[in-house]
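K.L.:
Provide a 3D model corresponding to the input given below.
(one chain, ligands or ions: 1)
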Amino acid sequence: MNKVLVLGELNGNDLDNGVFELLSLLNNLNVSNEEITVGILGDNLQAKDAILKQIPCSKIVAHSNIDTNNLNPNILSKLASSIVEDLKPNKILISKTNLGQDLAPRLAFKFDWGLVNDCLDIEKNENNDWTGIRPIFGGNFISKINIKTSTEIYCVRPKVFDSLTDKTISPEIEYIQFTDDLETKTKVLERINEQSEGLRLEDADIVIAGGRGLGGPEPFDTLDEIAELLNAAVGASRAVCDAGWMDHSYQIGLTGKDISPNLYLTVAISGASQHMAGCSNSKHIVSIDKNVEANIFNDAEFGAIGDWKN
Ligand SMILES: Cc1cc2nc3c(=O)[nH]c(=O)nc-3n(C[C@H](O)[C@H](O)[C@H](O)COP(=O)(O)OP(=O)(O)OC[C@H]3O[C@@H](n4cnc5c(N)ncnc54)[C@H](O)[C@@H]3O)c2cc1C
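P.N.:
Model (predicted):
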């Protein structure tokens, strides 16, 4: 029997959707509810019972009355370590959010356990051994990784799995005290949301992105209008961000954001491998480009070949 810990985060009153997606992945792997504990990291969790109760699992552990100093990664790492030491899981799943991709390697280093980062799926064989599947070399290859340490950590890319919404399960919540020192060498002074307008790229169901072929920043106003009509988020290629037409927070790709929307619309993006590394997990790609040979058409399900202005 497995002892699986799913770590999730509550930012203010926003429960990150990653927990629901990880539970869905575990459901696909036929892991039973008895094997799963969800550990939630956040501020003053005892007052947020109603939010935690929405998680479709049978057991939650959370620290009561903690001030995480704006989700300071050093503090979250201490809290997560204490849950791990109590529970002694043999598998840990974390969603690859900004906080998750910071936390997973810290735990792996601290406990000397193996980690599959940017995991897109997990396979299980008849011996109940798990294999993490992740993209490598800018998304050009897929690697299958077996972890050989006593506890395995999987940091799973968001939005690859649908959320689990089982209304029949209601969790029992265990609040635990953190008795050690929460002093850290760093202090988070302020958190600023980089994209205050519109949907977050990582959360959007539809993303429309523009590339260098748009010729300047002005056409992004048109993309904004289309995005508003479609309830979509706007993204860009690195060429666009490097040119200063859009802020780097809009960049999709290897050195930008990973997105996994249902529909990814690209306009005048050539589809370089470094760009595709951040979007190849989109369910449907539809592209406009004037070059019939553009790499983007290798991944696009539908393409319109021609000048985007038409
Ligand atoms: C280490 C490294 C990391 C990188 N990370 C990233 C990353 O995270 N994200 C990223 O995007 N890139 C990244 N890049 C850059 C990447 O290699 C490409 O240079 C970049 O993606 C190209 O952007 P683009 O498609 O907008 O521009 P281009 O490659 O110049 O493509 C423009 C496209 O527009 C089309 N076009 C031109 N005019 C029109 C028109 N009027 N109508 C229709 N189509 C038109 C052209 O046919 C062409 O296909 C990285 C590169 C390196 C080396």
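
K.L.:
Please count neighbours and contacts with C-alpha atoms only from this point.
P.N.:
OK.

K.L.:
The stretch 151-300 of the chain: strands as residue ranges?
P.N.:
152-156, 172-176, 206-210, 233-236, 263-267, 284-289 (DSSP state E, counting those that start in this stretch).

K.L.:
mind putting those in JSON lines, distance to the ligand, mean neighbour count and mean pLDDT included?
P.N.:
Compiled in JSON lines, these are given as follows (distance: least, CA to the nearest ligand atom, whole Å; neighbours: other CA atoms under 10 Å; pLDDT from 0 to 100):
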{"stretch": "strand 152-156", "distance to the ligand": "19", "mean neighbour count": "26", "mean pLDDT": "98"}
{"stretch": "strand 172-176", "distance to the ligand": "40", "mean neighbour count": "14", "mean pLDDT": "95"}
{"stretch": "strand 206-210", "distance to the ligand": "7", "mean neighbour count": "25", "mean pLDDT": "97"}
{"stretch": "strand 233-236", "distance to the ligand": "7", "mean neighbour count": "28", "mean pLDDT": "97"}
{"stretch": "strand 263-267", "distance to the ligand": "7", "mean neighbour count": "23", "mean pLDDT": "98"}
{"stretch": "strand 284-289", "distance to the ligand": "4", "mean neighbour count": "22", "mean pLDDT": "98"}
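
K.L.:
nearest to residue 37, of these?
P.N.:
Closest of the strands of the stretch 151-300 of the chain to residue 37 is strand 172-176, at 9.9 Å (criterion: CA to CA).

K.L.:
and the closest one, which strands flank it?
P.N.:
strand 59-63 (parallel) (DSSP bridges).

K.L.:
How about residues contacting the strand it pairs with?
P.N.:
36-41, 44-46, 52, 79, 83, 171-178 (CA atoms under 8 Å, 6 or more residues apart in numbering).

K.L.:
So the closest residue to the ligand within the stretch 1-150 of the chain: helix, strand or coil?
P.N.:
Nearest to the ligand in the stretch 1-150 of the chain, going by CA to the nearest ligand atom, is residue 138, at a distance of 8.5 Å. Secondary structure for residue 138, judged by DSSP: H, G, I helix; E, B strand; the rest coil, is coil.

K.L.:
Can you give me the distance of the nearest residue to it once chain neighbours are set aside to the ligand?
P.N.:
Leaving aside its sequence neighbours, residue 138 sits nearest to residue 277 (CA to CA, 6 or more residues apart in numbering; 5.0 Å). Residue 277 sits at a distance of 8 Å from the ligand (criterion: CA to the nearest ligand atom, to the nearest Å).
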